[in-house]
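[1] Give me coordinates for this.
(2 chains)
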Amino acid sequence: MGREKIQINEEFWDIMPDDYKDLVNHSTYGKTDRGWKDVGSSTELIAEHSLCAGCPESIAFRHIMASMPAPEDTVMVGSTGCTSLVFPMVAVHNIHSLFGNQNAVATGLKRALNVRFPNKNKDVIVLAGDGATVDIGLDMTLQSWFRGERFTTICFDNELYANTGGQESGLMQKGFVAKMAPVGKKFEKVRLPEIARESGCAYVAVLTTSKPSLVERVVRQAVLIAREIGPTYLQIYTPCILEIGKQSMEGLQEMRDAEAAGERFKFREFITPEAQAFIDDMAAKKKAEKLASAAN
Amino acid sequence: MGSHESNGMPQIGSMNKKGQIITDPSELFFLSPRTQAFLTGSEVIKEAVKRASVDFSVAYPITPQSEASSLVGELYADGYVGDYMRGESEFAVMGQCAGGAFGGARVFTTTAGPGTLRAFENFPMWAGSRLPIEVVFTVRGVNSPLSIQPDTLEIAFMLETGMLLWHAEDAQDLFDYILKGYIVAEQPEVHLPIGVICDGFFVTHTKDMVLMTPENRVIPHYNPYASPVTCMDMESPPVRMMRDPFVMKSNYISYMTHASWQLEVRAAIERSRKHTVQLLDGLIEVENPDAEIMLVSSGTAVSQSREAVRLFREQGVKVGLVKIKTIRPFPGQELREALKNAKHIFVPEFNVAGWMAKEIKSVIDRSERVIAGPHVAGGMTMPPEVIVEEVERSLALRGKKELIHG
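    I've put the predicted structure just below:
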């Protein structure tokens, strides 16, 4: 969608909400080097949210929205949970339908957009919690990867069911005492990144949202690879500070602790040779363009 | 299927990539020449989909719809359907259908019995999201014990999903309803999913004579920009839906929002009436409206009832018939009018619950006139003699010694 479609009729300027005016005035549509640094100057895609104060999920949302390569042609699919409180305030088309069916919905959506816009990139990004991705929706998560569906799946891993009040989830750590795990969780954290790699994902990354530049790089890479090569998966630690007994200002430190060497969210990524070649090729082209423009 | 990039819908009179002419629906249904074919119900589904400008179809094996959904795959291979895939379960299939419809595609799928129940959570979501997906239910028994046989019990579960539900009596209805269903379901003031129901095996696996519209003509493409809700393709301004999400808010506004939208979905079902009446020539069909004994049903139970009416006629007994074509919207006013002279109303059904009898009782006066039966279930057939016997036995119990002759 081009910028012309979001313009406001002159006579309506005074009654339009500020965030829509912001979209018209400051949208980064078509900007190839958009990224997390735009977050401070532009609230076009997400401004307010209704998550708890200091929730790392809200930071992750901002970084992801700022990093997607083409928000003007991106449709997001969410699921039930804390993320579904945010999506109504996100200014890209987004779908909530049921709990756990997000990768099935994204499959149909991506295929419909391919049929309708055969010569245009329409990116589809799934963003859901760990309960939706790994427990209730695991079948559809995996099957979409087996089929090689061309979209990105992002899991906000807070290692429990946050929205329903802190119950055990498959991505919870072994031994953690939670609701529905009254004597501690009895099995290991599900190794979904490894499963993703074996299930056909062309790119997989595990990270926290403590470093915006890292989030920017992996999100951009994941969306572009999904567009051209195959399914991609990002698992981002967004701790539920409420349920692990932390204060509002302690989210960032919690993420830093969890990504230290040897910890479960130490940054790691997997990329297929084909996807790596694509990324290298893209970087080489960009470099050549830069050189050419410098020469001019 | 149409590419929407040129910012305009393919026009009536133009050709799709298979050389089929996009035709005004009224012209196609009522004016174009029809040719006779002798086909199974499954083949009829294929022939209708071939003429339906379908963008996306999802399949999953379950008897008795497996053949039909495989045949739709052949249409895809031949280029008549935009995209096609096998899903991993009916719950996923209906989610994939939802994604396709959210993205502005015309979507077609089929399921039956256990598949319908496996998929169930999706149906009210489709309606609430105003997705005009068409699903053909080739109804069959619901477990347990395991049954693959024809049975209409699953329709009872579908009644309050917010979907339009049309029940085909035979292959001809099935062909017409699949095409006409899209036209009604996609009206901007309706814009709801539609279930076109046919009785498994009795319709899907038997051959019947069908009058088909020309093979080289199709109904117009779905226009997602005439939808009452936003098409999720980022081709319209991404207005933030809410400042403050209603979900999780325990306040009157959130309750009211949900309740009023649910009422609106039901109002949209009612608004489908005028379009449906026009295309299906009424929501019901009546034979012998002045008879004291009436047989009322839907689906193949109507065909069996027609035969029972004939057997009675041979005995010199006048019995009437009402065929219910649409279960949602339910033809309450039409039934009250058609049954006003009836003294005994029999409702033959292929299920153990007798849900159709309950539906009829809920909309007519003097509901004690309704006799819920005969019922057969689990795949049993209902020979017309069974209906005749039920009428005779029940009327004897009601103290009516002799049937009315003439």
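
[2] C-alpha from now on. contacts and neighbour counts both.
    Will do.

[3] What is the neighbour count of the residue nearest to B:R130 when sequence neighbours are not counted?
    Excluding its sequence neighbours, the residue lying closest to B:R130 (C-alpha to C-alpha, 6 or more residues apart in numbering or on different chains) is B:L192, at 5.0 Å. Residues lying near B:L192 (other C-alpha atoms under 10 Å in any protein chain shown) number 29.

[4] tell me the SS of B:L192?
    coil (DSSP: H, G, I helix; E, B strand; the rest coil).

[5] Mind pulling up the pLDDT for residue 2?
    Reading this off chain A. Looking at A:G2, its pLDDT is 84.

[6] To clarify, I was referring to chain B.
    At B:G2, the model reports a pLDDT of 44.

[7] if we can go back for a sec, isn't the residue nearest to B:R130 up against B:I183?
    No. Applying C-alpha atoms under 8 Å, one finds B:L192 not in contact with B:I183, separated by 11.0 Å.

[8] where does A:T152 fall, phi/psi-wise?
    Note on A:T152: backbone dihedrals following degrees, to the nearest 10 are phi -100, psi 130.

[9] try B:F346
    Backbone torsions for B:F346, taken as degrees, to the nearest 10, come to phi -100, psi 140.

[10] for the chain, which spans come out with low pLDDT?
    Picked chain A for this. Applying pLDDT under 70 to chain A flags no residue at all.

[11] Not quite, go with chain B.
    Counting by pLDDT under 70, chain B contains low-confidence ranges at B:1-8, B:241-249, B:400-406.

[12] What segments of the stretch 251-400 of chain B are helices?
    Taking DSSP state H, counting those that start in this stretch, the helices of the stretch 251-400 of chain B run over residues B:252-271, B:273-280, B:300-314, B:332-338, B:355-361, B:384-397.

[13] got those helices as JSON lines, with mean neighbour count and distance to B:G79 columns?
    As requested, the helices of the stretch 251-400 of chain B are arranged in JSON lines below (neighbours: other C-alpha atoms under 10 Å in any protein chain shown; distance: least, C-alpha to C-alpha, whole Å):
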{"stretch": "helix B:252-271", "mean neighbour count": "15", "distance to B:G79": "33"}
{"stretch": "helix B:273-280", "mean neighbour count": "17", "distance to B:G79": "28"}
{"stretch": "helix B:300-314", "mean neighbour count": "20", "distance to B:G79": "33"}
{"stretch": "helix B:332-338", "mean neighbour count": "16", "distance to B:G79": "42"}
{"stretch": "helix B:355-361", "mean neighbour count": "20", "distance to B:G79": "40"}
{"stretch": "helix B:384-397", "mean neighbour count": "17", "distance to B:G79": "44"}
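
[14] where exactly do the strands run in chain A?
    Counting by DSSP state E, chain A has strands at residues A:74-77, A:94-95, A:123-129, A:152-157, A:203-208, A:232-237, A:268-271.

[15] Include distance to chain B and mean neighbour count when you put those strands into TSV, please.
    Shown next, in TSV, are the strands of chain A (distance: least, C-alpha to the nearest C-alpha, whole Å; neighbours: other C-alpha atoms under 10 Å in any protein chain shown):
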stretch	distance to chain B	mean neighbour count
strand A:74-77	7	25
strand A:94-95	7	26
strand A:123-129	10	26
strand A:152-157	15	27
strand A:203-208	23	25
strand A:232-237	19	26
strand A:268-271	26	16
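
[16] For B:E392, which of these is the nearest?
    Closest to B:E392 of those, according to C-alpha to C-alpha: strand A:94-95, at 56.2 Å.

[17] I'd like to know which elements the closest one is packed against.
    Here strand A:94-95 touches strand A:74-77, going by 3 or more C-alpha pairs under 8 Å, 6 or more residues apart in numbering or on different chains; DSSP states H and E.

[18] by contact count, what packs against the strand it packs on?
    strand A:94-95, helix A:102-116, strand A:123-129.

[19] A:C240 and chain B: what is the separation?
    Distance of A:C240 to chain B, computed by C-alpha to the nearest C-alpha, to the nearest Å: 18 Å.

[20] do the same with A:E188
    Distance of A:E188 to chain B, given as C-alpha to the nearest C-alpha: 27 Å.

[21] Chain neighbours aside, what residue packs nearest to that residue?
    A:K174 (4.8 Å).

[22] So what does that neighbour have for phi and psi?
    phi -60, psi 140.

[23] what comes up buried for stretch B:106-114?
    For stretch B:106-114, burial by neighbour count (16 or more other C-alpha atoms under 10 Å in any protein chain shown) applies to B:R106, B:V107, B:F108, B:T109, B:T110, B:T111, B:A112, B:G113, B:P114.

[24] Identify those among those residues that sit within strands.
    Those of the buried residues of stretch B:106-114 lying in strands (DSSP E): B:V107, B:F108, B:T109, B:T110, B:T111.

[25] And the furthest pair within those residues?
    So, these by C-alpha to C-alpha: farthest apart are B:V107 and B:T111, at 13.6 Å.

[26] Can you give the domain ranges for chain B?
    The record's domain split for chain B, according to automatic domain parsing, is B:21-226, B:284-397.

[27] okay, these, which one's buried deepest?
    domain B:21-226 (a mean of 23; mean count of other C-alpha atoms under 10 Å in any protein chain shown).

[28] now do the same end-to-end measure for it.
    With C-alpha to C-alpha, to the nearest Å as the measure, domain B:21-226 spans 22 Å from end to end.

[29] Tell me who's in contact with residue 270.
    Assuming you mean chain A. A:R197, A:A202, A:Y203, A:V204, A:A205 (C-alpha atoms under 8 Å, 6 or more residues apart in numbering or on different chains).

[30] You answered for a different chain; I wanted chain B.
    Counting by C-alpha under 8 Å, 6+ apart, B:E270 touches B:P329.

[31] measure it to chain A for me?
    Taken as C-alpha to the nearest C-alpha, the span from B:E270 to chain A is 24 Å.

[32] Would you mind measuring from the residue nearest to B:R130 to B:S303?
    Distance from B:L192 to B:S303, counting by C-alpha to C-alpha: 29 Å.

[33] now do A:T80
    46 Å.

[34] B:M94 now?
    Look at B:M94 and B:S303: by C-alpha to C-alpha, they are 31 Å apart.

[35] what do you get for B:D55?
    34 Å.

[36] For the helices of the stretch 251-400 of chain B, give me TSV that also has distance to B:I178.
    TSV is the format used below for the helices of the stretch 251-400 of chain B (distance: least, C-alpha to C-alpha, whole Å):
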stretch	distance to B:I178
helix B:252-271	17
helix B:273-280	12
helix B:300-314	17
helix B:332-338	23
helix B:355-361	22
helix B:384-397	28
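
[37] among these, which is nearest B:L31?
    Across the helices of the stretch 251-400 of chain B, closest to B:L31 is helix B:273-280 (C-alpha to C-alpha), at 12.7 Å.
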